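>>> Provided below are the primary sequence and the corresponding predicted coordinates.
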Amino acid sequence: MRYHQAGNIPQKRHTIFKSPEDKFYYEQLFGTEGFHGISSLLYHTHRPTQIKSIGPAKDVTPKIAVEKNVAPRMFKGMNVTPEDDFMDSRKILLMNNDLKMGLAKPRKSMDYFYKNAECDELLYVHQGTGILKTFVGDLEFVTGDYLIIPRGTIYQVELKSDDTVFFVLESHSPIYTPKRYRNEFGQLLEHSPFCERDMIAPVFKEPKDEKGEFLIKVKKENQITDFIYATHPFDVVGWDGYFYPYKFNIKNFEPITGRIHQPPPVHQNFEGHNFVVCSFCARMYDYHPLAIPAPYNHSNIDSDEVLFYTEGDFMSRNHIDLMDFTLHPGGIVHGPHPGAMERSIGKKFTEEYAVMVDPFRPLKITEEALKVEDPSYKTSWLEESDKTMEDRSQE
């Protein structure tokens, strides 16, 4: 990210800063990785430490159903149950020690504040509109937006639509843009498939100078604890730095294409420790006269592969619906479905959009995932004649 400044800040950090009424503002360092990672300085109307009470912790540990998975799987996101409450709606389907991912289908806006105290969050807006309200400003979101929310951000989500769906990823490490697309100063390079103009910082809002009881739900170590604070958390009069939430729309990703089929790393959008996130976007197909646009069969020996299908028609897969997740475990060969390779030859472009996550450690499958699994997926590469024989053998 690049340096950003909003609101009123003092000329020098860590110095006296007062309001026009001669009242002190209170500085807060907001960052990760000790004092080494990127950070911002926030200036509050009130001390941000005024806890009135702490409630009991609610355990939200995902229940693991499959600890060690080697089978290709598909999960029907359309069948994930919506919930009124934003946090209750967050259904984790797949996870390991580096990340958790799943779907959220909240029906109502948040009437409390929320802080993830140990994970960066990526919320991809599969459908819907609304506002991500944070203590450094607001981000209006629409379908196709990635919302990158650094750990420790206090936020609310206000929904503007009745059918909002988020793809959710929680990362135990910071989420950054790929290092190979940045120079030694952090600037995105000319061959990057996106640039700083595509990354939208929050719109600063006037601070809330309010006292009372303000509920902030804090998540840490798979527990959510209710904190009641004496002042409104959105009382920031100004801030500056490199550490803040932002949005990036998937349709601002500029695909890298070639004469022959390009490997998945050209689609990379973000990365964390032990995983990458890729954006598969509408693009021209390969233009060698003998090119096969469909992906070749490949083994992800060192990583699992998850695809979340969000828009368009997916030429490499048969019988895929929007909101589906496919999981191809590391070490098991996978590729296009029967007929997909042949159908792709001669095609000039695709209108598909998907979010891909490649974790470098195996994923565990939760009970929530098994509720929406399509068990037929693992044999869906069989030729029709072989499939008929398989069906007969199970009769």
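That came through, no problem. Residues are numbered from 1 along each chain as shown.
>>> just the strands in the stretch 1-150 of the chain please.
Along the stretch 1-150 of the chain, counting by DSSP state E, counting those that start in this stretch, strands occupy 4-7, 26-31, 39-44, 51-59, 64-66, 73-76, 90-95, 99-104, 113-116, 120-127, 130-134, 137-141, 145-149.
>>> now distance to residue 224 too, for the ones you listed, in TSV please.
(Each C-beta comes from the backbone N, C-alpha and C, glycine too.) Listed next are these as TSV, based on distance: least, Cβ to Cβ, whole Å:
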stretch	distance to residue 224
strand 4-7	29
strand 26-31	21
strand 39-44	23
strand 51-59	5
strand 64-66	19
strand 73-76	24
strand 90-95	10
strand 99-104	14
strand 113-116	9
strand 120-127	14
strand 130-134	18
strand 137-141	23
strand 145-149	16
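>>> determine how far stretch 136-148 lies from the middle of the whole chain.
Remark: stretch 136-148 is offset 11 Å from the chain centroid, using Cα atoms, centre = their mean, to the nearest Å.
>>> and stretch 97-117, by the same measure?
Stretch 97-117 has its C-alpha centroid displaced from the chain centroid by 11 Å (Cα atoms, centre = their mean).
>>> ditto for stretch 86-100
Here the centre of stretch 86-100 is set off from its chain's centre by 11 Å, with Cα atoms, centre = their mean.
>>> list the buried residues of that stretch.
By neighbour count with 16 or more other Cβ atoms under 10 Å, stretch 86-100 contains the buried residues 86-87, 89-96, 98-100.
>>> same question for stretch 364-383.
When burial is assessed from 16+ other Cβ under 10 Å, stretch 364-383 yields the following buried residues: 364-366, 368-369, 372-374, 377, 380-381.
>>> pLDDT on it, on average?
Taken as a whole, stretch 364-383 has a mean pLDDT of 95.
>>> nearest to residue 226, of the strands of the stretch 1-150 of the chain?
Residue 226 lies closest to strand 51-59 among the strands of the stretch 1-150 of the chain, at 3.6 Å (Cβ to Cβ).
>>> count of residues packed around residue 188?
Neighbour count of residue 188, defined by other Cβ atoms under 10 Å: 19.
>>> quick one: contacts for it?
Neighbour list for residue 188: 177, 181-182, 194-196 [criterion: Cβ atoms under 8 Å, 6 or more residues apart in numbering].
>>> now do the same for the residue nearest to it when sequence neighbours are not counted: its pLDDT.
Leaving out its chain neighbours, the residue that sits closest to residue 188 by Cβ to Cβ, 6 or more residues apart in numbering is residue 195, at 5.1 Å. Looking at residue 195, its pLDDT reads 96.
>>> just give me the neighbour total for residue 195.
Under the neighbour criterion other Cβ under 10 Å, residue 195 is assigned a count of 14.
>>> state the distance from it to residue 180.
For residue 195, the distance to residue 180 equals 15 Å [Cβ to Cβ, to the nearest Å].
>>> quickly list what residue 154 is bridged to.
Assessed by DSSP bridges, residue 154 has beta-bridge partners residue 115.
>>> okay, buried residues for stretch 44-59 please.
For stretch 44-59, using 16+ other Cβ under 10 Å, the buried residues are 44-46, 48.
>>> I figured residue 250 hits residue 278, correct?
No - contact criterion Cβ atoms under 8 Å: residue 250 and residue 278 do not qualify, at 10.5 Å.
>>> overlap in contacts, these two.
Common contacts of residue 250 and residue 278 (Cβ under 8 Å, 6+ apart): residue 355.
>>> burial measure for the closest residue to residue 251 other than its chain neighbours, as a count.
Spatial nearest neighbour of residue 251, chain neighbours left out: residue 144 (5.5 Å); criterion: Cβ to Cβ, 6+ apart. Per other Cβ under 10 Å, the neighbour tally for residue 144 reads 21.
>>> for residue 363, see how far away residue 144 is.
In this view, residue 144 and residue 363 are 25 Å apart by Cβ to Cβ.
>>> swap in residue 43?
Residue 43 is 41 Å from residue 363, by Cβ to Cβ.
>>> over to residue 95?
7 Å.
>>> kindly report the same for residue 279.
Taking Cβ to Cβ, one finds residue 279 at 20 Å from residue 363.
>>> how about residue 116?
Taking Cβ to Cβ as the measure, residue 116 falls 20 Å from residue 363.
>>> one more: residue 20?
54 Å.
>>> do residue 5 as well
40 Å.
>>> so who does the residue nearest to the spatial centre of the chain touch?
Taking Cα atoms, centre = their mean, the centroid of the chain lies closest to residue 122, which sits 2.4 Å from it. Residue 122 is in contact with 146-149, 167-171, 175, 270, 277, counting by Cβ under 8 Å, 6+ apart.
>>> closest to residue 321 among those residues?
Using Cβ to Cβ, residue 167 is the member of the contacts of residue 122 that sits closest to residue 321, with 14.5 Å.
>>> over to the closest one. Which of the three states is it?
Here residue 167 is strand, with the state taken from DSSP: H, G, I helix; E, B strand; the rest coil.
>>> quick one: it and residue 100 touch, right?
No - in this structure residue 167 lies outside contact range of residue 100 using Cβ under 8 Å: 11.9 Å.
>>> count the residues that sit near residue 301.
A count of neighbours around residue 301, defined by other Cβ under 10 Å, yields 9.
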